[in-house]
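Trainee: Output the structure for:
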Amino acid sequence: MSTRLLVPFGVGAVVVLAAIAGVFYVQRGAHIELKGQILKVRTQAMDAASSVAVVDFRFANPADYTFVVRKVDVLLEDKDGKVQEGTAISEVDAKNLFRYYPLLGEKYNDSLLMRARIAPHQSMDRMAAVRFEVPEEQLQARKKLTVRVEDVDGAVSELAEKP
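Mentor: All right, here's what the predicted structure looks like:
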């Protein structure tokens, strides 16, 4: 009697697994998240107790839906593991920053701004300029920087610097 039930049970299990795989396949583009990497970090001392980091990064939106930026934060993890959030610098001030501090080099990318729309399957290069209340030496001796981008619907993506 157990062999008579084994074949229908096996067929049923295959049908259920195929249905689950089909659901996952159809929903593959529904997860809203930016994927990418930090390309370059440039630092500049502002005074003895504060400095600026300019973070250039590349990301892509692999989802089938538009990612609308609500907030962009840059987090500094120092060599002791302490995390500090930087103060964002506006696009206008970032342009002036590059003009007044030529050692930063050229401004390659526009800043990633609030309400920026990243279309489905689109990739782009952007930057974030932030001020940290730490000396430049401490900023350069960091463990890592993380760019945290939040969608208007609450999804959060993080691009971390490779140590």
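
Trainee: Might one say that Val149 is in contact with Val72?
Mentor: Yes. Assessed by C-beta atoms under 8 Å, Val149 is found in contact with Val72 at 5.5 Å. (C-beta placed from N, C-alpha, C; glycine too.)

Trainee: Overlap in contacts, the two.
Mentor: Here Val149 and Val72 have Leu112 as joint contacts, going by C-beta atoms under 8 Å, 6 or more residues apart in numbering.

Trainee: Tell me which of those two has more neighbours.
Mentor: Val149 (25 against 19; other C-beta atoms under 10 Å).

Trainee: Specify the beta-bridge partners of that one.
Mentor: Following DSSP bridges, Val149 is listed with bridge partners Val72, Ser157.

Trainee: which stretches of the protein have low pLDDT?
Mentor: For the chain, the stretches flagged by pLDDT under 70 are 1-2, 21-31.

Trainee: Show me which helix runs longest in it.
Mentor: helix 2-26 (DSSP state H).

Trainee: Quick one: name whatever helix or strand follows that one.
Mentor: Scanning forward in sequence from helix 2-26 by DSSP states H and E, the next helix or strand is strand 35-47.

Trainee: What helices and strands are in contact with that following strand?
Mentor: Judged by 3 or more C-beta pairs under 8 Å, 6 or more residues apart in numbering; DSSP states H and E, strand 35-47 is in contact with strand 50-60, strand 123-132, helix 136-140, strand 144-151, strand 156-160.

Trainee: I'd like the ones you listed laid out as JSON lines, including distance to Leu17.
Mentor: Shown next, in JSON lines, are those (distance: least, C-beta to C-beta, whole Å):
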{"stretch": "strand 50-60", "distance to Leu17": "31"}
{"stretch": "strand 123-132", "distance to Leu17": "34"}
{"stretch": "helix 136-140", "distance to Leu17": "51"}
{"stretch": "strand 144-151", "distance to Leu17": "32"}
{"stretch": "strand 156-160", "distance to Leu17": "31"}
